[in-house]
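Peer 1: Kindly return the folded structure for what I paste below:
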Amino acid sequence: MSLRDLGLLVVLGAIWGASYLFLRIAAPVIGILPLIDLRVVIAAAALFLYALALGRRPALRSRWRSLLLLGALNAAIPFTLIAAATLYLNASMASILNATTPLFTAVVAALWMQEPLGWRRLLGLALGLIGVGVLMGWSPIGLNSRVALGVICSLGGALCYGMGGVFTKLRFQGAAVLDLALGQQVAASLLLLPLAVVAWQPQPATPAVWISVLALGLLSTAVGYLIYFDLVARVGPTNTLSVTFLVPLFGTLWGVLFLNEPMRISLFAGLAIILTGVFLVTGVAMAEPSPAVVAQIDTGAPS
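Peer 2: Numbers count the residues shown, from 1 in each chain. So this is what the prediction gives:
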């Protein structure tokens, strides 16, 4: 990768890692469903304006049914689950747990596409489970029913990303990536809108909360996708996948710096074990990218 591409990769890891910071600040005030609907509406509007600036007319009507399902699997449901997780987990733990996305992608591909796992991937999956256990067993916030619910929500979000990635591989071969990015945000907006309206309970919000809402939609979602797809086009899916290793590092850093979250050895032990598992699963693709890994790269956003 060139210095420019490496810089963009670091920026992408930083802004996707920051999404957990924004969620921690805004979700308790705005509410989970209203916040996530605002996130995807803002992102969809920004991506639509970007498409217009490029002179592109997104082709969404012909695939609206598939886009609705993609919007549910790859945006509406995982975004909501991860936002719920941040009510019970700190930003550091939530970002580390979401790094399991490539592990779930490999499992989904094996079950859905009959893609063989192989011993390296099986070992990677086992290490991923051990890493989650280490992270929670030595958790600085303790292990109780609320924390357990947060872990389930975070891992559920990662599972949805895996399903969304494989679904994309099966249904959207040859589709323009900007159409997919915009289409899934529009679909997620429509799916979440009725629930967000019902759940909306207005309460006073500080400027920091509204800044977090805007940053989540514009920076972590719209700009993040644009950088992501630019990197896929320039350096390929395998190199871009290395952002998986940067997101939890930045998620932890932002949590420590801005939310005064505890910095414990358990975080780094769990992170190291999980990322080792991720490397074993994705490292198989270094010579020849597997369908599961390529699917995750094409549209899945791990945040």
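Peer 1: Would you map the helices across the stretch 151-300 of the chain?
Peer 2: In the stretch 151-300 of the chain, the helices defined using DSSP state H, counting those that start in this stretch lie at 177-199, 207-214, 224-235, 237-240, 243-259, 265-283, 291-299.
Peer 1: May I see the buried residues of the first one?
Peer 2: Buried positions in helix 177-199, judged by neighbour count with 16 or more other Cβ atoms under 10 Å: 177-192, 195-196. C-beta here means a position set from N, CA and C on the backbone, and glycine is covered the same way.
Peer 1: Mind giving me the packing neighbours of that helix?
Peer 2: Under the contact criterion of 3 or more Cβ pairs under 8 Å, 6 or more residues apart in numbering; DSSP states H and E, helix 177-199 touches helix 32-53, helix 64-71, helix 224-235, helix 291-299.
Peer 1: most packed of those helices?
Peer 2: Mean neighbour count (mean count of other Cβ atoms under 10 Å) peaks for helix 291-299 among these, with a mean of 25.
Peer 1: mind giving me a markdown table with the helices of the stretch 151-300 of the chain and columns for distance to residue 18 and mean pLDDT?
Peer 2: A markdown table is the format used below for the helices of the stretch 151-300 of the chain (distance: least, Cβ to Cβ, whole Å; pLDDT from 0 to 100):
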| stretch | distance to residue 18 | mean pLDDT |
| --- | --- | --- |
| helix 177-199 | 19 | 93 |
| helix 207-214 | 9 | 96 |
| helix 224-235 | 10 | 80 |
| helix 237-240 | 18 | 68 |
| helix 243-259 | 5 | 90 |
| helix 265-283 | 17 | 85 |
| helix 291-299 | 21 | 38 |
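Peer 1: for those helices, which one sits closest to residue 42?
Peer 2: Smallest distance to residue 42 across those (Cβ to Cβ): 6.8 Å, for helix 207-214.
Peer 1: Now the helix or strand hosting residue 92: average pLDDT?
Peer 2: Using DSSP states H and E, residue 92 maps to helix 91-98. For helix 91-98, mean pLDDT rounds to 91.
Peer 1: Convert it to CSV, retaining C-alpha atoms only.
Peer 2: In CSV, the C-alpha atoms belonging to helix 91-98 read as follows (Å, rounded to 0.1, in the frame of the first residue of the first chain):
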residue,chain,number,x,y,z
ALA,A,91,-16.8,1.5,24.3
SER,A,92,-13.6,-0.5,24.6
MET,A,93,-15.3,-3.8,25.3
ALA,A,94,-18.0,-3.2,22.6
SER,A,95,-15.4,-2.5,19.9
ILE,A,96,-13.3,-5.5,20.8
LEU,A,97,-16.3,-7.9,20.7
ASN,A,98,-17.4,-6.5,17.3
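Peer 1: list the helices and strands the helix or strand following that helix packs on?
Peer 2: Going down the chain from helix 91-98, the next helix or strand is helix 101-113, by DSSP H and E. Here helix 101-113 touches helix 118-137, helix 145-171, helix 265-283, helix 291-299, going by 3+ Cβ pairs under 8 Å, 6+ apart.
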